[in-house]
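1. Fold the stuff below for me.
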Amino acid sequence: MTTTRRNFLGLTLFGLTAATVGCSTAAGAGGEAKTLRYQGAAGDVTLPELAADLGYLGDLRLEWVGNTISGPQDIQSAATGQVDFGGAFNGAVVKLKAAGAPIRSVIGYYGADELAYSGFYVLEDSPIRTARDLLGAKVGMNTLGAHHEAMLGIYLKRAGLSAEEVKKVEPIVLPPVNTEQSLRQKQVEVGVLGGILRDKATEKGGVRKLFSDFDLLGAFTAGSYVFTEKFLRDNPSTVRTFVTGVAKAIEWGRSTPREQVVARKVDILTRRGRNEDPATLKHWKSTGVAAKGGKVLDAEFGLWLDWLAERGEVTKDQVRLADLFTNEYNELAR
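-> As a prediction, this is how the structure comes out:
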């Protein structure tokens, strides 16, 4: 089953009006939280989990409460106090902040580079060669209103398509594991593939990359972890330990041979006993985080603020860049 752009509801700010953020768990002797509740990702090891395993989180403990279904859901959970931190595409952070959620990004955690990118693929014999060839085409992607739809919009705009022409290109939601099959069965003309799914599809052959996020923007950090403003005020030392620990894990992954990173992640996943398949981890290549230690840059939020403003989803006076993120807790960003 697919979801069209017309069905997209955007971010549902459930409970935000009552979002006096829930109490964090297990405060330490200094009164700050020492246990951080979070959502994980099935079949993956997140950077905080890696940082904890490497001993970079000091006396902090992570409490896994389940797996998230999407970045927007994860940061909504943080905003409403169901977890202590969450991560999402930076555009989703802008949108939630503009809607009044008391959140702030503190460190980048994923992005695009020459190894970690999302490609927009067509069949090898497809007549689609340019942006204009996409008029009337269906483009399958994992979710709407997020990273991949933004990349598609930037690609079309740079090619000179008008706003009316852009509307003739139809993004639709496809589960990532079904995207290659839908493309080969011609249910969509374009499919967005990343990671192991991209590698498997290209190894099999018969598909051709039209463009990628890395082709469009070069290396950039695309998503970040957020806390609520209240949590930041109440727990500055804890947040500093967490953010700096995650920053160290990013640099550990950058400087350690790939085989060792993969082996560590597989070991973590196996030991935690959540009945997960480690197959995807064996294809890990890079976090894609651009700046040292996940430092957040103005441009990494300004891009999405402009994009959302063009779509009429936010106005630029709803939120200031300075209110969206801070690097003050990241000791590797100084």
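
2. all contacts plus neighbour counts: C-alpha atoms, from now on.
-> Fine.

3. show me the residues around residue 169 that make contact.
-> 134-139 (Cα atoms under 8 Å, 6 or more residues apart in numbering).

4. Mind doing that once more with 6 Å?
-> 135-137 (Cα atoms under 6 Å, 6 or more residues apart in numbering).

5. do the same with residue 88
-> Counted by Cα under 6 Å, 6+ apart, residue 88 has contacts 71-72, 223-224.

6. next one: phi and psi at residue 87?
-> Dihedral pair for residue 87: phi -130, psi 150, per degrees, to the nearest 10.

7. pretty sure it contacts residue 224?
-> Yes. Shown here, residue 87 and residue 224 form a contact pair, counting by Cα atoms under 6 Å, at 5.4 Å.

8. Which parts of this protein are helices?
-> 47-53, 71-79, 90-98, 147-158, 163-166, 176-184, 195-204, 213-217, 229-234, 236-255, 258-272, 298-310, 321-324 (DSSP state H).

9. Format these as a markdown table; extra columns: mean neighbour count.
-> Output for these, formatted as a markdown table (neighbours: other Cα atoms under 10 Å):
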| stretch | mean neighbour count |
| --- | --- |
| helix 47-53 | 20 |
| helix 71-79 | 26 |
| helix 90-98 | 25 |
| helix 147-158 | 19 |
| helix 163-166 | 14 |
| helix 176-184 | 19 |
| helix 195-204 | 15 |
| helix 213-217 | 17 |
| helix 229-234 | 16 |
| helix 236-255 | 22 |
| helix 258-272 | 16 |
| helix 298-310 | 17 |
| helix 321-324 | 15 |
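
10. And the ones you listed: which comes nearest residue 334?
-> Nearest of those to residue 334, taken as Cα to Cα: helix 236-255 at 10.9 Å.

11. tell me what the closest one is packed against?
-> Using 3 or more Cα pairs under 6 Å, 6 or more residues apart in numbering; DSSP states H and E as the contact test, the elements touching helix 236-255 are helix 47-53.

12. other SSEs contacting the helix it packs on?
-> Looks like helix 47-53 contacts helix 236-255 (3+ Cα pairs under 6 Å, 6+ apart).

13. send the alpha carbons of the helix it packs on over as PDB?
-> Extracted as PDB, the C-alpha positions of helix 236-255 are listed here (Å, rounded to 0.1, in the frame of the first residue of the first chain):
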ATOM      1  CA  PRO A 236      23.700  20.500  31.400                       C
ATOM      2  CA  SER A 237      26.500  18.200  32.600                       C
ATOM      3  CA  THR A 238      24.600  15.100  31.600                       C
ATOM      4  CA  VAL A 239      24.000  16.500  28.100                       C
ATOM      5  CA  ARG A 240      27.600  17.500  27.800                       C
ATOM      6  CA  THR A 241      28.700  14.000  28.700                       C
ATOM      7  CA  PHE A 242      26.200  12.500  26.200                       C
ATOM      8  CA  VAL A 243      27.000  14.800  23.300                       C
ATOM      9  CA  THR A 244      30.700  14.600  23.700                       C
ATOM     10  CA  GLY A 245      30.500  10.800  24.000                       C
ATOM     11  CA  VAL A 246      28.500  10.600  20.800                       C
ATOM     12  CA  ALA A 247      31.000  13.000  19.100                       C
ATOM     13  CA  LYS A 248      33.900  10.700  20.200                       C
ATOM     14  CA  ALA A 249      32.000   7.700  18.700                       C
ATOM     15  CA  ILE A 250      31.600   9.500  15.400                       C
ATOM     16  CA  GLU A 251      35.400  10.100  15.300                       C
ATOM     17  CA  TRP A 252      36.100   6.600  16.400                       C
ATOM     18  CA  GLY A 253      34.100   5.300  13.500                       C
ATOM     19  CA  ARG A 254      35.900   7.700  11.100                       C
ATOM     20  CA  SER A 255      39.400   6.700  12.300                       C
END
